[in-house]
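Enquirer: Coordinates for the following, if possible.
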Amino acid sequence: MKVIHWFREDLRLLDNPALSHAAEHADAEVVPVFIYPEGLGGASYWWLHKSLENLSKALKSKGVDLVFATGSPHTVLPKLAEQIGANLITWNRVYSPEGIEQGKQVKQALGNASVEHRSFNGQLLIEPTKVLNKQGLPFKVFTPFWRNCVSFLTARELAPEPRFKPSTHSLASEHLQDWGLQPTAPNWAKGFEPLWQPGEAGAQSRWREFLSGTIDTYKDGRDIPSESNTSLLSPHLVFGEISSQQLWNDVQEAIVGQQISHENGHKFLSEIGWREFSRYLLVHFPHLITEPFNARFTNFPWGDDAQLIKAWQQGQTGYPIVDAGMRELWQTGYMHNRVRMIVASFLTKHCLSHWHHGMAWFWDTLLDADIANNTASWQWVAGCGADASPYFRIFNPILQGEKFDKQGVYVKRWVPELADVPAKFIHKPWEADQPTLHAAKVALGTDYPLPIVDHKHARETALLAYQAIKT
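Expert: Numbers count the residues shown, from 1 in each chain. All right, here's what the predicted structure looks like:
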């Protein structure tokens, strides 16, 4: 039997249930296929190219050639099956509205072509449709959702890397280089190269480094953007280069073995839980991508000032912690999670701009752009999502900077114009007197912008807008 494995958001060999099933049931060969995904952001395409290069090499070392194809999966896969006489196609499910619909279309097309198909959960710890509250309805709040999940989650033996028979098929494959996933002129991704290692090997290396040391400071250190206290696994998880089940197994084993504390281990797992919750929400409430979870926000009076949005995108708001985050994002394809909340609150509440604008910018610029996390997180900060931060919780960018970047180390790294400003004024340089600014070699309004909005006035305006939909 020849079997096709359709790679989707599972670009790995270890603990890939659909790929393992394909290898176990193929008495001839497994033909791995990747079909060009439409609609990703620029940064995601950069990562995808690198990840596919490494996946292709890993498969090649096992005597298997990865086939690249373009087109609708429900059209491409039946044709490939017919060309090589494949009897079975396997894949891991993608839990997004588009991914679910795509899977349904492929199943129907394969059924019409009399080709057997099997799909698996290789992406999440839980099957979203199987977790419901006592009323048989989806959870809308994270804490009871995760408590319910933890009550039945257990370590599962990971699927080993499959063994393949050498490729003998004569399928014509497109060339990855011809897809044009990498930027050329200008190469806006040049800052990504030294920081990231896309692919399964990079994911495993990053995970081993985090688990062997960094996780010991996770609970208290994860909010400090100038320090390396987070796993930096998010892009690897988006593309399925490492499985959530492996993370769960390894952390539980390390806790039992007293290699890491219960406190730090379970705090990390709860963050994996938030990722699960985002996917869960999107499965049960697919309208979240375009509409607010809280219907009251449908008529919220967003301002959508184009100049304010542009200043935010370019890291020129005049609020150092906001600008540092936006510049880190542009230069590295990543932003620290605490800072993500600060910049999102600033855009939606200080600038009164619709969360769609922020979601779209993050989708294009984040290496870890994930449709579920991106949607749920922006709605959470904007106050209109599930289990959301109340709208009236408006992050003060000055106080947030002073609390989580006391000495301005993070700001000074990404906003070098302020490198010599004393820590006392680093998050509010407009309060420094002229001699201090002169000594710091910075002229506000010239070298670094004055605040584009006044914090107090912006806060009052946002609360008035909220009152309008409350009444």
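Enquirer: what does stretch 259-271 contact?
Expert: Stretch 259-271 is contacted by residues 146, 211, 215-219, 222, 231, 247-248, 251-252, 254-255 when judged by CB atoms under 8 Å, 6 or more residues apart in numbering. Just so you know, the C-beta spots here come from the backbone N, C-alpha and C atoms, and that holds for glycine as well.
Enquirer: Just the ones in helices from those, please.
Expert: 146, 211, 218-219, 247-248, 251-252, 254-255 (DSSP state H).
Enquirer: so which two of these are the farthest from each other?
Expert: Using CB to CB, the ones in helices among the contacts of stretch 259-271 reach their maximum pairwise distance at W146 and L211, which is 21.0 Å.
Enquirer: Redo the ones in helices among the contacts of stretch 259-271 as a markdown table? Include neighbour count.
Expert: Output for the ones in helices among the contacts of stretch 259-271, formatted as a markdown table (neighbours: other CB atoms under 10 Å):
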| residue | neighbour count |
| --- | --- |
| W146 | 22 |
| L211 | 20 |
| Y218 | 20 |
| K219 | 17 |
| L247 | 20 |
| W248 | 18 |
| V251 | 21 |
| Q252 | 16 |
| A254 | 17 |
| I255 | 17 |
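Enquirer: Can you lay out those as a markdown table showing distance to L66?
Expert: Output for those, formatted as a markdown table (distance: CB to CB, whole Å):
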| residue | distance to L66 |
| --- | --- |
| W146 | 36 |
| L211 | 29 |
| Y218 | 35 |
| K219 | 40 |
| L247 | 25 |
| W248 | 28 |
| V251 | 31 |
| Q252 | 33 |
| A254 | 34 |
| I255 | 37 |
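Enquirer: Can you give me the buried ones in the strand or helix carrying R279?
Expert: Counting by DSSP states H and E, the element that carries R279 is helix 262-284. Buried positions in helix 262-284, judged by neighbour count with 16 or more other CB atoms under 10 Å: 264-266, 268-269, 271-284.
Enquirer: Closest one of the ones in helices among the contacts of stretch 259-271 to G42?
Expert: L247 (27.6 Å).
Enquirer: Just the strands from the stretch 251-400 of the chain, written as ranges.
Expert: Taking DSSP state E, counting those that start in this stretch as the test, none of the stretch 251-400 of the chain falls into strands.
Enquirer: what's the burial count for W363?
Expert: Residues lying near W363 (other CB atoms under 10 Å) number 20.
Enquirer: if you skip the residues just before and after it, what's nearest to D250?
Expert: Counting by CB to CB, 6 or more residues apart in numbering, D250 lies nearest to L211, which is 5.9 Å off, once chain neighbours are set aside.
Enquirer: typo on my end, it should be I242
Expert: A203 is the one closest to I242 (CB to CB, 6+ apart), at 3.9 Å.
Enquirer: Identify, from the contacts of stretch 259-271, the entry nearest to P73.
Expert: Looking across those and measuring by CB to CB, the closest to P73 is L247, at 28.2 Å.
Enquirer: can I assume H5 is in contact with A18?
Expert: Yes - contact criterion CB atoms under 8 Å: H5 and A18 qualify, at 6.2 Å.
Enquirer: which residues are in contact with both of those two?
Expert: 90-91.
Enquirer: Between these two, which has more neighbouring residues?
Expert: H5 (27 against 23).
Enquirer: Can you give me the end-to-end span of stretch 279-289?
Expert: Criterion CA to CA, to the nearest Å; first-to-last residue distance in stretch 279-289 is 12 Å.
Enquirer: Tell me which residues touch the nearest residue to A344 once chain neighbours are set aside, please.
Expert: Spatial nearest neighbour of A344, chain neighbours left out: V381 (4.0 Å); criterion: CB to CB, 6+ apart. Going by CB under 8 Å, 6+ apart, V381 touches 341, 344-345, 348, 355, 388-389.
Enquirer: Now flag whichever of the contacts of stretch 259-271 is closest to M326.
Expert: R222 (20.3 Å).
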